[in-house]
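S.K.: structure here, sequence nowhere to be found:
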């Protein structure tokens, strides 16, 4: 805890996102120790708690109330409880994404209201290993395989290097009685699959949550049993290494995107098919004049120089294209490798093909040597 909060100025407020489960309850106890007056070395700041009730299963309000009471008993103050209203995920996605996005939004809103400088989350090394295995099963790229980041903005995860067994042992040693989310139970043994769970710090839902529960109950233990102990630690280490690579590649892709951005292309002469300036191949014969007219370009439109993109390595180019699609309004969670590959074909395999349809009613098309990503014409 000292290491995780070493950069926190004296006297400020730090909050813990607590579900009452063993991971977040152990973390809440650690924060209470860090903030305790009179401890050796002196407290650096104050500790409080945020409890998020997703409201999606019976009894979730009672579970949230118990978690809040446990935090108060530890000496944390203030303690806030937030109940989420139903709503879509920020970047699309299913119930697990909606629960995660709503939880993070509630945590950040609570932190802003209380003036907190950090919010601690109770993800452990086991959560990290599960995340990596699920990403592998989806055939994901480096960013997803990089797993859960230790820090992002106000959110910090001090327990990410520790196994779940440590949080269970800490709760037992401190006499704490954690709440066990029924949605985390093995679905093959009748575990409840409901979406969003209770106020859990790792709760999700639906099929995605069932897959995570199966990984936790079966796959990871089987790998540890067959390959020997240390598989979870090795997967977490791979995530750390891939995160460094992904951070660098995304930084370079951002630089590429900045070099490639142009104003929207000129309008072709009336009645004439749009021509691509790079190789003279005809543009999409159905190109909409409004889609390429600078005077009517949507504020979310992104125009890119196809030549600059074509000269870049594929790993950077496709990352830049994905970022451009998100900038143009496509939900980040829905832009797949297949979408990026289709946009890439407009750059590297241009033969006059038509527009690429993207999530969020966005489309990509090429005209006059430029790739335009913009809301699709209605």
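M.R.: Received it, and whenever you're ready, just let me know what you need. Note that the coordinates shown come from a computational prediction; the quantities given were computed from them, not determined experimentally.
S.K.: which stretches of this protein have low pLDDT?
M.R.: 40-43, 86-97, 186, 189-208, 264-299 (pLDDT under 70).
S.K.: please, where are all the strands along it?
M.R.: Ranges of strands within the chain are 13-17, 46-53, 79-83, 118-120, 151-152, 155-156, 261-262, 302-305, 356-358, 362-367, 370-375, based on DSSP state E.
S.K.: burial of residue 130, as a residue count?
M.R.: 26 (other C-beta atoms under 10 Å). For glycine as for every other residue, the C-beta is placed from the backbone atoms N, C-alpha and C.
S.K.: what's the closest non-adjacent residue to it?
M.R.: residue 215 (4.9 Å; C-beta to C-beta, 6 or more residues apart in numbering).
S.K.: for the one you found, give its distance to residue 160.
M.R.: Residue 215 is 17 Å from residue 160, where distance means C-beta to C-beta, to the nearest Å.
S.K.: surely residue 107 is in contact with residue 18?
M.R.: No: between residue 107 and residue 18 there is no contact under C-beta atoms under 8 Å: 10.4 Å.
S.K.: so those two - more neighbours on which side?
M.R.: Higher neighbour count among residue 107 and residue 18: residue 18, with 34 against 25, using other C-beta under 10 Å.
S.K.: list the contacts of the more buried one.
M.R.: Contact analysis of residue 18 by C-beta atoms under 8 Å, 6 or more residues apart in numbering lists 24-25, 27-28, 49-51, 67-68, 70-71, 122, 199, 201.
S.K.: surely the residue nearest to residue 130 and residue 133 touch.
M.R.: Yes: counting by C-beta under 8 Å, residue 215 touches residue 133, with 5.4 Å between them.
S.K.: now the helices for the stretch 51-200 of the chain?
M.R.: For the stretch 51-200 of the chain, applying DSSP state H, counting those that start in this stretch gives helices covering 60-73, 95-114, 125-138, 142-145, 164-174.
S.K.: okay if I get those as a markdown table plus distance to residue 310?
M.R.: As requested, the helices of the stretch 51-200 of the chain are arranged in a markdown table below (distance: least, C-beta to C-beta, whole Å):
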| stretch | distance to residue 310 |
| --- | --- |
| helix 60-73 | 52 |
| helix 95-114 | 34 |
| helix 125-138 | 29 |
| helix 142-145 | 22 |
| helix 164-174 | 47 |
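S.K.: buried residues in stretch 215-232, which are they?
M.R.: 215-217, 219-220, 223, 231-232 (16 or more other C-beta atoms under 10 Å).
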